[in-house]
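J.: The sequence and its predicted three-dimensional model are supplied below.
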Amino acid sequence: MRNAVTLLEHHVLNPATEEVVATVAASTEADVDTAVAKAAKAQAGWAALAPADRARLLRRFAAVVDEHIEELARLEVLEAGHTIGNARWEAGNVRDLLDYAAGGVERLNGRQIPVPGGLDITILEPLGVVGVIAPWNFPMPIAAWGTAPALAAGNAVLLKPAETTPLTALRLAGLALEAGLPEGILQVLPGAGKVAGNALVEHPAVAKIVFTGSTSVGKQIMAKCADRVKRVTLELGGKSANVVFADSDLESAAAAAPMSFLDNAGQDCCARTRILVQRSVHDRFLELLEPAVRAVVVGDPADERTAMGPLISAVQRDRVASYLSDGVPVAIQGEAPGGKGFWFPPTVLAPEDPGARVAVEEVFGPVAVVIPFEDEADAVRLANATDYGLSGSIWTRDVGRAVRVSRAVAAGNLSVNSHSSVRYWTPFGGYKQSGLGRELGPDALTAFTETKNVFISTESAS
Ligand code: NAD
């Protein structure tokens, strides 16, 4: 009988202390119904606004977010265990996304295509009500990746945050009202994925789902959207390669490698968790990597000096720990606090078999593997030996090789001699099972429109 009971509320825990910091109501299917009806009503007026007026309101929303950066960042530290430095960047990213999307409103134009005998025009129309389902690993920016361009294109948004991290989403919706956005145009539906999330996916009046989360849930959502031919964007898991060639600046590659898989305690879809190193420099690279990993300060995320905080939950910590019980040799292990909190130490494993579970599955914790390769062809083969294709890095001083390998690796976001993946003004998304569609960048608004083609005959009726 327990399964038949719908949860009425969720406790939000501080992952660094395990204390309950808030209790949030869980939305039911009926709540989703009510929110969809309210959103549909608000959307008609929102879409009818002059583009300059919609842009002005979004810029005001960005300005209000800017006034609350510190408050939003502290909330993110509290509910997600993010380091305060990262959390400030994330709140700033929401502001920048809103500004960038506002800049796109007046440039969201149709076309005129020459057709004999008349005038042919394309009209871009908003989709209507859009559901954004966000994960817990980057609650604030990822909520905004879908929300900002959807609003800018004239849609209403229903945002379903993850069960563990609803607080920043709720605060952002409050700030939207403060900024003057119409009531109903951005609503937050905290609650269980299987209840509130699923109700959004199945609702006939929700025109599109933007889902960021695990590949397994993404597949279920895609199948349900297929039933209704509902638009869907999927940002899913990753197992990205960090390919280090012998001709690279090895010191720089080793110095940068730790935070490419330890940032956000490894709970990052772009984490470079497969470190592939050319065999001739493999041992030297490990010598350089070891002190760099050990130097990463793990601890209180609210402390400005901390580089890595806790994992999100006990479930996640136990999942990550399970990969260490497979018996794969440990090459490097740092330290983590003991006691309360969901801590896990920075860890590098050296599997003999590149097909080992930890080398192919997304761990979503501070764990990477180091695997040697022989030559360029071998590096590309190993980099592509995964069902995922989200991001990756290539370290080399040979420009031709950088271009060849970038072309050969099947991933949506690659960087050369860098681990940078995400900029709000460049497109982001995955190949293979890392996702479907692109977010961010110059085409972000168009992804929330429907194209209508109208042909007007100029032939005289007489
Ligand atoms: P998750 O799939 O468990 O949950 C994501 C969201 O979906 C949550 O809000 C959850 O409540 C909701 N959900 C769960 N089941 C649902 C259902 N049946 N119907 C509708 N909604 C449902 O993922 P998570 O553990 O919160 O996030 C971690 C995953 O997200 C990792 O795999 C990570 O790689 C991925 N991720 C991808 C990107 C990207 O841009 N590609 C970015 C961040 C995270």
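T.: Nice, I can see it. Small disclaimer: the values here were computed from a predicted structure and weren't measured.
J.: What strand or helix carries Ile332?
T.: Using DSSP states H and E, Ile332 sits in strand 330-333.
J.: can you check Glu125 too?
T.: strand 118-126.
J.: Tell me which strands that strand pairs with, and in which orientation.
T.: According to DSSP bridges, strand 118-126 forms sheet pairs with strand 112-113 (antiparallel), strand 449-457 (antiparallel).
J.: any idea which of the ones you listed is most buried?
T.: Sort the strands paired with strand 118-126 by mean neighbour count, taking mean count of other C-beta atoms under 10 Å, and strand 449-457 sits at the top with a mean of 12. C-beta: built from backbone N, CA, C; applies to glycine.
J.: Report the rounded mean pLDDT for that one.
T.: Mean pLDDT, computed over strand 449-457, is 98.
J.: ditto for stretch 251-259
T.: Predicted confidence along stretch 251-259 averages 98 (mean pLDDT).
J.: Could you shift the numbering so residue one becomes 44, and keep it that way?
T.: With the count now opening at 44, the last piece we talked about shows up as stretch 294-302.
J.: hmm, who's touching that stretch?
T.: 285, 287, 315, 318, 328, 331-332, 335-336, 338-339, 350, 389, 411, 438, 460-462 (C-beta atoms under 8 Å, 6 or more residues apart in numbering).
J.: and what of stretch 66-81?
T.: Everything outside stretch 66-81 that qualifies as a contact, by C-beta under 8 Å, 6+ apart, is 49-55, 172, 201, 203, 206, 209-210, 213, 226-227, 230, 232-235, 238-239, 242-243, 246, 248-249.
J.: if we can go back for a sec, just the contacts of stretch 294-302: which are in strands?
T.: 285, 287, 318, 411, 438 (DSSP state E).
J.: Quick check: the two most widely separated of these?
T.: Greatest spatial distance in the ones in strands among the contacts of stretch 294-302: Ala411 and Trp438, 14.7 Å, computed using C-beta to C-beta.
J.: picking that back up, the ligand: which of the ones in strands among the contacts of stretch 294-302 is nearest?
T.: Of all the ones in strands among the contacts of stretch 294-302, the ligand sits closest to Ala411, with 14.9 Å by C-beta to the nearest ligand atom.
J.: who's the closest one bridged to?
T.: Val391.
J.: how about the strand holding Glu168: buried residues?
T.: Neighbour-count burial for strand 161-169, counted by 16 or more other C-beta atoms under 10 Å, picks out 167, 169.
J.: again with stretch 60-77
T.: The neighbour-count check on stretch 60-77 (16+ other C-beta under 10 Å) flags 60, 65, 67, 69-72, 74-75 as buried.
J.: Stretch 346-359 too?
T.: Neighbour-count burial for stretch 346-359 flags 349-356, 359 (criterion: 16+ other C-beta under 10 Å).
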